[in-house]
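Participant: Here is my input; please provide its structure:
(one chain, ligands or ions: 1)
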Amino acid sequence: MLDVRNISYQIRNRKLLDGVSFQAKPGELLAIVGANGAGKSTLLKLCTRELIKFTGEIQLFDRAIPSYSDKELSQFRAVLPQQNSVVFPFLVSELVLMGRYPHFEFHPSEQDFAIAELALKKVGMWDFASRIFTTLSGGEQQRVQLARVLAQIWDVEQGILFLDEPTTGLDLLHQHQMLEIAHEFTKKGFCVVVILHDLNLAAQYADQIVMLRAGRVEAIGTPREIITEETIHRVFNLKVWLIEHPEMGCPMVVPQHYQFSSNQQ
Ligand SMILES: Nc1ncnc2c1ncn2[C@@H]1O[C@H](COP(=O)(O)OP(=O)(O)OP(=O)(O)O)[C@@H](O)[C@H]1O
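Facilitator: Reported below is the predicted structural model:
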């Protein structure tokens, strides 16, 4: 479904990504992790065609992404970027309906309204439908933005969802709710690609993890395969212990006591 082949990307002689390859299949949740500045958002922007000049190839459904029109792409692929700046006083319901723009010409249909409602209910924000978006808290805004991107691909047979640090600003419950919803969409055959900083969320929800380090793939595989004390130390320069999740059996990361002076290199 998503096939990233030997991607390199540079800005002014600085290589931000170097020879990155991975595949994500339908029904899979793929997490991209790595330290600040590792190239995660840049990689996502290439996959979503926000950035276009790169070497290598990115295919969606066996077609190179430059061959799609914007309209075609927006009908099956939705993107939740890291920053969503909304300045106009839109109602929450209006903002979510914007997710349906790729599906109607001039006026939203009954189905578009119904899907916007379902998406808002899915993220638990239906009661806020008539509020002005900019008056919501940061976490509430993030959940509404998720509803907007879900509405965009709600009734698509097989879609792809890109989420850049979607749990930022969310409390513990809503972080898990966000990833449960993403996981639910993979059960419908969707592919979800999500940038995460929390390795424990990645371990719990990802089928596959791509670990980036300085623009290169340091490790790729299932959480059990690549979440190890060694890889985490290599990638994040932090010593951790691993314990087993008591219910799910996946690895959970427990940082060791960080001593600033002895860890500086
Ligand atoms: N337009 C640009 N011009 C110069 N450098 C850039 C540009 N965009 C990104 N970079 C640099 O490329 C590197 C990768 O950035 P990117 O945003 O992809 O990292 P990231 O892994 O998403 O980081 P974070 O976890 O902090 O969000 C960083 O060092 C960043 O400063």
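
Participant: Quick one: residues contacting G19.
Facilitator: Neighbouring residues of G19 by CB atoms under 8 Å, 6 or more residues apart in numbering: N6, I7, S8, G56, R216, V217. (C-beta placed from N, C-alpha, C; glycine too.)

Participant: Which ones among these lie within strands?
Facilitator: Of the contacts of G19, the ones assigned to strands by DSSP state E are N6, I7, S8, G56, R216, V217.

Participant: Separate out the buried members of the residues you listed.
Facilitator: Neighbour-count burial (16 or more other CB atoms under 10 Å) applied to the ones in strands among the contacts of G19 gives I7, S8, R216, V217.

Participant: would a markdown table of the residues you listed with pLDDT be doable?
Facilitator: Converted to a markdown table, those look like this (pLDDT from 0 to 100):
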| residue | pLDDT |
| --- | --- |
| I7 | 96 |
| S8 | 97 |
| R216 | 97 |
| V217 | 97 |
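
Participant: ok, and G124, which helix or strand is that part of?
Facilitator: Taking DSSP states H and E as the definition, G124 sits outside all helices and strands.

Participant: whoops, I mixed them up, D3
Facilitator: Element membership of D3, judged by DSSP H and E, is strand 2-11.

Participant: Tell me the helix or strand right after that strand.
Facilitator: Downstream of strand 2-11, the first helix or strand assigned by DSSP H and E is strand 14-24.

Participant: neighbouring strands for that following strand, and are they parallel or not?
Facilitator: strand 2-11 (antiparallel) (DSSP bridges).

Participant: which residues are contacting the helix or strand containing Q204?
Facilitator: Element membership of Q204 [criterion: DSSP H and E] is helix 199-205. Applying CB under 8 Å, 6+ apart, the external contacts of helix 199-205 come out as 29, 31, 33, 167, 175-176, 179-180, 182-183, 196, 209, 223, 227, 232, 245, 248, 250-253.
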